[in-house]
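# What shape does this take:
(one chain, ligands or ions: 3)
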Amino acid sequence: MSQDQDFHFSVVHNGMDYLVNVMECLTPPVATRDTKYAVLHTQAATEVLLKWPLIQHDWRLVVVPDEKTGVICDEDSFRRGDFRSIGLGQAIKLLDEELDIKVPGRAKRAISRLSNSRNRLQHLGMSGSTDAVQTSAAKVLDFLLDFIRDHLRDYLDPDDTAHVDREMASVRERLKGVQTLIETRMARIRSDLGSAAGWAVECPECGQDAMMINEDAGTASCLYCHAAWSTPGDAAGEYAWGVLGLSAYEQVKDGGMPPVRNCPECETDSLVPGAFLARAKDLPVGLCFSCGEVFSKLAECEGGCGNLTTDTEFDMCPYCFEVRLDRF
Ligand SMILES: [Zn+2]
Ligand SMILES: [Zn+2]
Ligand SMILES: [Zn+2]
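Ligands and ions are numbered 1, 2, ... in the order given. Presented below is the predicted three-dimensional model:
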């Protein structure tokens, strides 16, 4: 085997080995230790498989240049694995820019949830709830199998292709089993909720449409993974960041409005203007994570108070409107 074929073999085979291992970890009964390896190996498989087309295109793309000199290592160091590699976020960006391969938002969110789990695992020794890891890993794997079929195969040697196809068939089979378990559990939650199921939103922890707002208690929790948030503001912030990808810091830094706003109904800072309910996943609405109110129309108040208003006729909140009236 030439050095190149050897390299080829080890990288792609490692990626597939990780996938097979993740499926073993996710197949019940799932012990705490399995959850940990599911997180670590899904992450490792994603790194290896997503970076492979980039490496084939130009290996320099996946190398982080030396901080001081800005120089990229030589090819020998690269093949020995003696280099610092780019993160997954950067790899996803480069796949789009260099090869026009797009990673869907749903998969990106699942990948980022697992990255968070991995960081927690590394720093705090915890990997999050088994349910949340299982749903996120299943979503990432589902994406990876499509990615392998639609994109990775174009960058493989014939020998590799045969191997990958065999492994893929077995991973797909086991993944179906895990997806069925998840779907069965979701179906039960939906049926328990009855008509309320449509008012659920995507949970930032597990990615299932099972995050519910309890307007009486003013709290939010997920019926699937049992994640709970201590305040409605926290729940709103986590939803905006984990599901919509909106960071309060980034938004405000650029002079924009924060992703969580004051609710015109209950006046707490718990409103996310562009949320999506399970009943209409492509129709953004304003959703308050405290009082549970859903707003189909919201406008920035023109009175200058910095809040949103439901009054689309005057574009002014009742307070600013009153202040105006008093002046006359
Ligand atoms: Zn959840
Ligand atoms: Zn409210
Ligand atoms: Zn106002």
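
# which SSE is the residue nearest the centre of the chain in?
Compute the mean C-alpha point of the chain, and by CA atoms, centre = their mean the closest residue is Arg109, 1.3 Å away. Assessed by DSSP states H and E, Arg109 sits inside helix 105-124.

# Same question for Gly274.
Taking DSSP H and E as the criterion, Gly274 maps to strand 269-275.

# could you check whether the next helix or strand after that strand is close to ligand 2?
Where DSSP H and E defines the elements, the next helix or strand beyond strand 269-275 is strand 285-288. Yes. Judged by CB under 5 Å from the ion, strand 285-288 and ligand 2 are in contact via Cys288. Where C-beta positions appear, they are placed from N, C-alpha and C, glycine not excepted.

# What's the first helix or strand after strand 285-288?
Sequence order places strand 294-295 as the next helix or strand after strand 285-288, per DSSP H and E.

# for that next one, packing partners?
Counting contacts by 3 or more CB pairs under 8 Å, 6 or more residues apart in numbering; DSSP states H and E, strand 294-295 packs against strand 285-288.

# packing partners for the strand it packs on?
strand 269-275, strand 294-295.

# Would you mind writing the CA trace of it as PDB?
The C-alpha coordinates for strand 285-288 follow below in PDB (Å, rounded to 0.1, in the frame of the first residue of the first chain):
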ATOM      1  CA  VAL A 285     -44.200  34.300  16.000                       C
ATOM      2  CA  GLY A 286     -43.400  36.200  19.200                       C
ATOM      3  CA  LEU A 287     -43.500  33.800  22.100                       C
ATOM      4  CA  CYS A 288     -43.300  34.700  25.800                       C
END
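
# Quick check: Leu298 touching Thr309?
Yes. Counting by CB atoms under 8 Å, Thr309 is a contact partner of Leu298 at 7.1 Å.

# Quick check: neighbours shared by the two?
By CB atoms under 8 Å, 6 or more residues apart in numbering, Leu298 and Thr309 have these common neighbours: Pro264.

# Look at the two and report which has more neighbours.
Legend: neighbour count by other CB atoms under 10 Å for Leu298 and Thr309, higher for Thr309 (24 against 20).

# What score does Glu205 have for pLDDT?
On pLDDT, Glu205 comes in at 93.

# At which residues are the strands of the stretch 101-250 of the chain located?
201-202, 209-214, 219-222 (DSSP state E, counting those that start in this stretch).

# mind putting these in TSV, distance to ligand 2 and mean pLDDT included?
As requested, those are exported to TSV (distance: least, CB to the ion, whole Å; pLDDT from 0 to 100):
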stretch	distance to ligand 2	mean pLDDT
strand 201-202	14	96
strand 209-214	9	95
strand 219-222	12	92
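
# Quick one: the ones you listed as CSV, columns for mean neighbour count too.
Shown next, in CSV, are these (neighbours: other CB atoms under 10 Å):
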stretch, mean neighbour count
strand 201-202, 24
strand 209-214, 23
strand 219-222, 22
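
# Quick one, which of those gets closest to ligand 3.
The closest of these to ligand 3 is strand 209-214. By CB to the ion, the value is 24.7 Å.

# Could the C-alpha coordinates of the closest one be exported in PDB?
What follows is strand 209-214, C-alpha atoms only, in PDB (Å, rounded to 0.1, in the frame of the first residue of the first chain):
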ATOM      1  CA  ASP A 209     -40.600  19.600  19.800                       C
ATOM      2  CA  ALA A 210     -41.300  19.000  23.500                       C
ATOM      3  CA  MET A 211     -40.400  22.200  25.300                       C
ATOM      4  CA  MET A 212     -43.600  23.500  27.000                       C
ATOM      5  CA  ILE A 213     -44.300  26.800  28.800                       C
ATOM      6  CA  ASN A 214     -46.300  26.400  32.000                       C
END
